[in-house]
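In: When you get a sec, could you give me coordinates for this:
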Amino acid sequence: MINYEFKLPVGDLASRSRAIGERKKIEELLKKDEHILVNCGEVLSISESYADEIFGVLTVQRGFDFLLENLTIVNAKKHVLQSIASVIDRRNQESSKKAQMN
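Out: The predicted model follows:
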């Protein structure tokens, strides 16, 4: 597996529609069996909707364990990392509840 650094855009990230393009780029790298280092070094803030569109959707699509094994978030400010972690945790809990119901 190869490490690949993927940089999120600079600034305040808030649009779900803009996050779709970033998620699709990450998905393509994951298809190539890349380990992705998501560099958040220039992210000033990230909205829940932006974080959910990337990290939440990937959690639902691929699963929590897959995300832990194949994505590493680097250089994130504490509040950015907390927002991302919150979205991943929420989506993981939702998936777990659905699995228990089936």
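
In: quick one, phi psi at the residue lying closest to residue 75 once chain neighbours are set aside?
Out: Counting by Cβ to Cβ, 6 or more residues apart in numbering, residue 75 lies nearest to residue 41, which is 3.4 Å off, once chain neighbours are set aside. C-beta here means a position set from N, CA and C on the backbone, and glycine is covered the same way. Torsion angles at residue 41 (phi, psi; degrees, to the nearest 10) stand at phi -60, psi -30.

In: Report pLDDT for residue 41.
Out: We note a pLDDT of 97 for residue 41 in this prediction.

In: go on, residue 25?
Out: For residue 25, the pLDDT comes out at 96.

In: which residues touch the residue nearest to the spatial centre of the chain?
Out: Centroid-nearest residue in the chain, with Cα atoms, centre = their mean: residue 55, separated by 2.5 Å. Residues near residue 55 by Cβ atoms under 8 Å, 6 or more residues apart in numbering: 67, 84, 87, 88, 91.

In: measure the residue nearest to residue 75 to residue 92 for me?
Out: Residue 41 sits at a distance of 25 Å from residue 92 (criterion: Cβ to Cβ, to the nearest Å).

In: Look at the two and report which has more neighbours.
Out: Remark: of residue 41 and residue 92, residue 92 carries more neighbours, 18 against 12, as counted by other Cβ atoms under 10 Å.

In: Need the phi and psi values for the spatially closest residue to the more buried one that is not a sequence neighbour.
Out: Spatial nearest neighbour of residue 92, excluding adjacent residues (Cβ to Cβ, 6+ apart): residue 64 at 4.3 Å. When read as degrees, to the nearest 10, the backbone of residue 64 gives phi -60, psi -50.

In: distance of residue 64 from residue 75?
Out: For residue 64, the distance to residue 75 (Cβ to Cβ) stands at 22 Å.

In: Next: residue 83.
Out: Relative to residue 75, residue 83 is positioned 15 Å away (Cβ to Cβ).

In: mind listing the strands in the protein by residue range?
Out: Applying DSSP state E to the chain gives strands spanning 2-7, 11-13, 34-39, 43-46, 71-74.

In: if you compare the ones you listed, which one is most tucked away?
Out: Across the strands of the chain, averaging neighbours per residue (mean count of other Cβ atoms under 10 Å) puts strand 43-46 on top, at a mean of 19.
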